[in-house]
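Enquirer: The sequence and its predicted three-dimensional model are supplied below.
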Amino acid sequence: MLVTTTNDLPGYRVVRHLGVARGVTVRSRSVIGNIGGAIQSLFGGNISVYTHLAETARQEAFDLLVRHAQEGGANAIIGMRYDATEIMDGITEVLAYGTAVQVEPV
C-alpha cells in the first residue's frame with residue numbers, strides 16, 4: 001500500500017477514486033501511565049510514557065486506515081492526515097484519514 005500526504009503520487013497516475021478511508025482509535029491513559037508521566041515531568045524533557053501512548057495510537061489509526069482502504073479495493077492513499085480530539089479528560093480519539101485510490105505506474 002502506497003500512502004502519501006500529498007495529493008498526487010510521483011511516478012503513478014490515479015485511475016480510480018474510491019472515496020474517503022479512515023482509521024479511528026480511542027485511547028486512554030492508565031493510572032500507572034499517569035503516575036509515570038507525572039514523575040517524568042518533574043525532571044523535564046521528553047515524557048516517554050506519553051510519547052509511547054501517542055505513537056501507539058497513531059500507528060493503530062494508520063493500520064486501520066490502510067485496512068479500510070484495502071477492503072475498498074485501493075492500492076494507495078493520497079492526502080493522508082491525522083487528527084486528534086480529546087473526548088474527555090485522559091481519553092483521546094485519533095483519526096487517520098485520506099483518499100483511497102487505485103493507481104498504476106506511469
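Expert: Thanks, I have it. Residues are numbered from 1 along each chain as shown.
Enquirer: how much distance is there from stretch 83-90 to the middle of the chain?
Expert: 14 Å (Cα atoms, centre = their mean, to the nearest Å).
Enquirer: ugh, wrong one, I meant stretch 67-76
Expert: Counting by Cα atoms, centre = their mean, stretch 67-76 comes out at 15 Å from the chain centroid.
Enquirer: so where's the longest strand in the protein?
Expert: The residue-count maximum for a strand in the chain (DSSP state E) belongs to strand 12-28.
Enquirer: For that strand, buried residues please.
Expert: 12, 18, 21, 23, 25, 27 (16 or more other Cβ atoms under 10 Å). In this view, the C-beta of every residue, glycine as well, is placed from N, C-alpha and C.
Enquirer: Nearest to residue 104 among those residues?
Expert: Closest approach between the buried residues of strand 12-28 and residue 104, by Cβ to Cβ: residue 12, at 6.5 Å.
Enquirer: Make sure that closest one is actually in contact with residue 103.
Expert: Yes - Residue 12 lies in contact with residue 103 (Cβ atoms under 8 Å); the separation is 4.0 Å.
Enquirer: Spit out the residues that contact those two alike.
Expert: 2, 76 (Cβ atoms under 8 Å, 6 or more residues apart in numbering).
Enquirer: quick one: low-confidence ranges for the protein?
Expert: 29-48 (pLDDT under 70).
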